[in-house]
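Peer 1: from the sequence below, what's the structure:
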Amino acid sequence: MSYIDEVRLDYDREERKGVGEVIYCPGKSDSQLSGIAADVRERRMNMAFSRLSSRQAELISEGEPPMIYDPVARLGTIEFSPPPKLRASVAVITAGSSDVPVAAEAAAIAAFFGCDVKRFFDVGAAGLHRLLKVLPEIREADIAIVAAGMDGVLPTIVTGLVPCLVIGLPTSVGYGIASNGVVALNTMLSSCSPGMVVVNIDNGIGAGLAAVIAAKNAEKISRRPQ
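Peer 2: Next up is the predicted model:
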């Protein structure tokens, strides 16, 4: 354990879980974030920083190696060595363009931990022909993450059309009764389409990490002797 003010970094998480810690940045002070970044660089660890503002990114970007910041995904990464490439491919899909920031977060964290990620954005149920156009490519994926707000129906549609595991990612996009993603969450939880699991509202990191863990376990199973 290392103490940086009130922060204890979990250096053993990758050994326990197969994926390392991701630093959630909102609410952290400048000194905490600077201390974490310095400690990570000193230990030569790969690390991801989620929900990182552009101002926070500027604060901790300098150093070796420099941090790479994705302003859409709001994800910053410090990488000393590329992660082992996983064989599983992940399709990240959104219902609308307003769902992109959360989906981009899921895509970026899955890629950071070694997945081959392809993005299929703005293919929601209001124009189903858009989904059907890219469906052959999506069906090639081993895992799909589907982000949707409003009525949240797209993950159910996708799950009924593909053979792989689908991770439903409700977003807080929507008017009035959509209740900041509660309707989308309940729609996904109520789905009758088998093969879908659901993460919390706007939890792109959780969706991306779930895909990574599923991919890693699939590879472990494939290596077992018959």
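
Peer 1: now Pro121: how far from Gly96?
Peer 2: Just to correct that, residue 121 is Phe rather than Pro. Phe121 sits 8 Å away from Gly96, going by Cβ to Cβ, to the nearest Å. Where you see a C-beta, it was placed from the backbone N, CA and C, and this is true even at glycine.

Peer 1: hmm, who's touching the longest helix seen in the chain?
Peer 2: Ranked by residue count and defined by DSSP state H, the top helix of the chain is helix 204-222. Applying Cβ atoms under 8 Å, 6 or more residues apart in numbering, the external contacts of helix 204-222 come out as 17-19, 22, 24, 50, 73, 86-88, 90, 101-110, 113-115, 142-143, 145, 147, 165, 167, 169, 197, 199-200.

Peer 1: with stretch 112-119 instead?
Peer 2: So stretch 112-119 is contacted by 19-20, 46, 48, 75, 77, 79, 83-93, 103-104, 107, 110-111, 137, 141, 143, 208-209, 211-212, 215 (Cβ under 8 Å, 6+ apart).

Peer 1: the protein: strands as residue ranges?
Peer 2: For the chain, the strands defined by DSSP state E cover 2-4, 7-9, 22-24, 47-50, 68-70, 75-78, 89-94, 116-120, 143-148, 165-170, 196-198.

Peer 1: which of those strands sits most buried?
Peer 2: Of all the strands of the chain, strand 143-148 has the most neighbours on average by mean count of other Cβ atoms under 10 Å, namely a mean of 30.

Peer 1: what is the orientation angle of that strand with helix 204-222?
Peer 2: For strand 143-148 against helix 204-222, the angle by axes from the mean of the first three to the mean of the last three Cα atoms, to 10 degrees is 160 degrees.

Peer 1: what's the mean pLDDT across strand 143-148?
Peer 2: Per-residue pLDDT over strand 143-148 has a mean of 98.

Peer 1: coming back round to it: looking at the strands of the chain, which is nearest to Lys133?
Peer 2: Nearest of the strands of the chain to Lys133, taken as Cβ to Cβ: strand 116-120 at 9.6 Å.

Peer 1: for that closest one, what is the average pLDDT?
Peer 2: In this model, strand 116-120 carries a mean pLDDT of 96.

Peer 1: break the protein into its domains for me.
Peer 2: Using automatic domain parsing, the domain parsing of the chain gives 2-78, 89-218.

Peer 1: out of the ones you listed, which one sits most buried?
Peer 2: Compared across the domains of the chain, domain 89-218 shows the largest average neighbour count, a mean of 21 (mean count of other Cβ under 10 Å).

Peer 1: end-to-end on it?
Peer 2: Terminal residues of domain 89-218 lie 12 Å apart, using Cα to Cα, to the nearest Å.
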